[in-house]
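[1] A predicted structure for the sequence below; I have some questions about it.
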2 protein chains.
Amino acid sequence: MLDGLIDGRWGPGDRLVERGLAAELGVSQAPVREALRELEALGLIESSPNRGARIRRFTETDLREVYEVRAGLEETAVRLRLPPVAALRVHLARLHEAAATDSLIDQVRHGVAFHREIVKAPGNDVLLSVWESLGIEVWTHLSIRLFRARAVENAADHEPLVAAFERGDPHVGVLLREHILGYSPLAGREGVTAIATAASEGRSSLE
Amino acid sequence: MLDGLIDGRWGPGDRLVERGLAAELGVSQAPVREALRELEALGLIESSPNRGARIRRFTETDLREVYEVRAGLEETAVRLRLPPVAALRVHLARLHEAAATDSLIDQVRHGVAFHREIVKAPGNDVLLSVWESLGIEVWTHLSIRLFRARAVENAADHEPLVAAFERGDPHVGVLLREHILGYSPLAGREGVTAIATAASEGRSSLE
DNA sequence: AAACACCCTATGATCGATCATCTGATGTCT
DNA sequence: AGACATCAGATGATCGATCATAGGGTGTTT
């Protein structure tokens, strides 16, 4: 309900007053409260007892943190079970389609669906719900709007992943993690992420 | 607030009627609702719209799923940054102490604190909050009571981990993951978990 | 007797009002 | 003037009451 409102209506730092929203939406305070709780769970707002909620000031660090966790979860997923390639190809087809018609929203949607398929594969409900609780789709939209963020994952970037899944490449976990972190902010610069990735990779993998 | 009540008072399958709890606790329906929401987020109860909430029937599969995710998160943590060994040793000391005095609750508490320290190390707030959202402490208590579950992690099991952290062992991620999954149910049997772990480990790490 | 429609109860969802707390403004004392 | 106490307004937390829905029971029809 409120998610839509986030997408342009309010900016970082804005206060979200329960009564105000209630009046505005023509409902009571209670449902607004619940909705705010959900937004808080997604990490989109921050609130403290008796002091109300406000839109978080997103930083690139926030986004990087989400991506690091996401990468870890997806790597865990493929380690448990490789995803069904056929389903992935369906999502990829839609992604290409969306890219061809310049539909940004659909690009994000199908890009996310591709990765969700990966996380769903092991049949671990906890894993899936934790991954979903990260709110990847919302964060993706935010990163596109707030930072200059590479205009959405390129459909082509996913092809090597599918190929790796298909041949059961043992390094698929690494590929996937780098694929994800590659879209993280700071990834381009020779910053923390890149170094940490390379280092931990080299170490725990190759030694 | 309600967490305490879970610990013995109600059993799996019991319905949690909002008004009933409210009357019982001498509060209104609203705070009870919020508390139920939290329990739901922890995966301890399940609820459907207009149909109320009930205590989940925990299975060993549930527990295993939680442990798999937990293992993935903690491995992600140590990959980002190794935890401060000094702090870990403090927790271990308390753990030994609790074991010596047969304080089951303290054993669980300090065992969890040990692992929380690991997850806290990278300074990634998202990672920490996601890990905390798994409710490890509650699950541990539940597993002890509901399944015969090895009577809590043995303090000694943690020593090799600390040693590995101390010398910056590149395989620390693997050690940690196996340490965690070792406490997962089904771990003893030559089941899915063991096989999957061994396979993915050998491959993506050593090849 | 089986199938269906209706009603009744229990209970979750929502409401409007009240209570409690935080914040900033105002006033007073040194 | 600066520091502290007091107060009022805004607003989150909680309350008691009402609305709406799900499930079960009952009666009617065939």
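    Received it, and whenever you're ready, just let me know what you need.
[2] now A:Ala41: how far from A:Thr59?
    According to C-beta to C-beta, to the nearest Å, A:Ala41 and A:Thr59 sit 19 Å apart. In short, each C-beta sits where N, CA and C put it, glycine included.
[3] next: A:Pro12.
    On the measure of C-beta to C-beta, A:Pro12 and A:Thr59 end up 10 Å apart.
[4] swap in A:Glu38?
    Noted for A:Glu38: a distance of 22 Å to A:Thr59, by C-beta to C-beta.
[5] any idea how far DNA strand D is from the residue nearest to A:Arg15 when sequence neighbours are not counted?
    In space, and not counting its chain neighbours, A:Arg15 is closest to A:Arg54: 4.7 Å by C-beta to C-beta, 6 or more residues apart in numbering or on different chains. Distance, A:Arg54 to DNA strand D, by C-beta to the nearest atom of the strand, to the nearest Å: 9 Å.
[6] ok, now A:Pro84?
    Taking C-beta to the nearest atom of the strand, one finds A:Pro84 at 33 Å from DNA strand D.
[7] list the contacts for that residue?
    Shown in contact with A:Pro84 (C-beta atoms under 8 Å, 6 or more residues apart in numbering or on different chains): A:117, A:121.
[8] now do the helix or strand in which A:Ala113 is found: which elements does it pack against?
    Using DSSP states H and E, A:Ala113 maps to helix A:104-120. If contacts are counted by 3 or more C-beta pairs under 8 Å, 6 or more residues apart in numbering or on different chains; DSSP states H and E, helix A:104-120 sits against helix A:60-80, helix A:85-100, helix A:125-133, helix A:136-146.
[9] which residues touch that helix?
    A:73-74, A:77-78, A:83-84, A:87-88, A:91-92, A:94-95, A:97-99, A:127-128, A:131-132, A:136-137, A:140-141, A:144, A:151-153, A:155, A:158, A:176, A:180.
[10] same thing but at 7 Å, please
    A:73-74, A:77-78, A:83, A:87-88, A:91-92, A:94-95, A:98-99, A:127-128, A:131, A:136-137, A:140-141, A:152-153, A:158 (C-beta atoms under 7 Å, 6 or more residues apart in numbering or on different chains).
[11] the inter-axis angle of that helix versus helix A:125-133?
    160 degrees (axes from the mean of the first three to the mean of the last three C-alpha atoms, to 10 degrees).
[12] gap between helix A:104-120 and the chain center?
    9 Å (C-alpha atoms, centre = their mean, to the nearest Å).
[13] and the gap between A:Val112 and A:Arg70?
    Distance of A:Val112 to A:Arg70, computed by C-beta to C-beta: 11 Å.
[14] look at the two and report which has more neighbours.
    A:Arg70 (24 against 19; other C-beta atoms under 10 Å in any protein chain shown).
[15] starting at the chain centroid, how far to stretch A:105-123?
    Worked out by C-alpha atoms, centre = their mean, stretch A:105-123 lies 10 Å from the chain centre.
[16] brain fart, stretch A:71-80
    For stretch A:71-80, the distance to the chain centre is 14 Å (C-alpha atoms, centre = their mean).
[17] is that stretch positioned near chain B?
    Yes. Interface with chain B: stretch A:71-80 contributes A:72-73, A:76, A:79-80 (C-beta under 7 Å from any C-beta of the partner chain).
[18] find the nearest non-adjacent residue to the residue positioned nearest the centre of chain A, please.
    In chain A, the C-alpha nearest the mean C-alpha coordinate belongs to A:Ile136, at 2.2 Å (C-alpha atoms, centre = their mean). Among residues not flanking A:Ile136 along the chain, A:Val112 sits closest, at 5.5 Å (C-beta to C-beta, 6+ apart).
[19] relative to B:Leu142, how far out is that neighbour?
    33 Å.
[20] mind giving me the PyMOL select for the contacts of helix A:104-120, buried ones only?
    Selection command for PyMOL covering only the buried members of the contacts of helix A:104-120, criterion 16 or more other C-beta atoms under 10 Å in any protein chain shown:
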select buried, chain A and resi 73+74+77+78+83+88+91+92+94+95+98+99+127+128+131+136+137+140+141+152+153+158
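[21] so which bits of chain A are right by DNA strand D?
    Neighbours of DNA strand D within chain A, by C-beta under 7 Å from any atom of the strand: A:15-20, A:29-30, A:33, A:49-53.
[22] show me what contacts A:Asn124?
    A:80, B:65, B:68-69.
[23] quick one: which of the residues you listed is nearest DNA strand C?
    B:Glu65 (25.2 Å; C-beta to the nearest atom of the strand).
[24] what about that closest one, neighbour count?
    When neighbours are counted by other C-beta under 10 Å, B:Glu65 comes out with 24.
[25] I figured it hits A:Leu128, correct?
    No. Look at B:Glu65 against A:Leu128 with C-beta atoms under 7 Å: they stay out of range, at 9.4 Å.
[26] so what's the residue count around the residue lying closest to A:Glu65 once chain neighbours are set aside?
    Counting by C-beta to C-beta, 6+ apart, A:Glu65 lies nearest to B:Val126, which is 4.2 Å off, once chain neighbours are set aside. Per other C-beta under 10 Å, the neighbour tally for B:Val126 reads 19.
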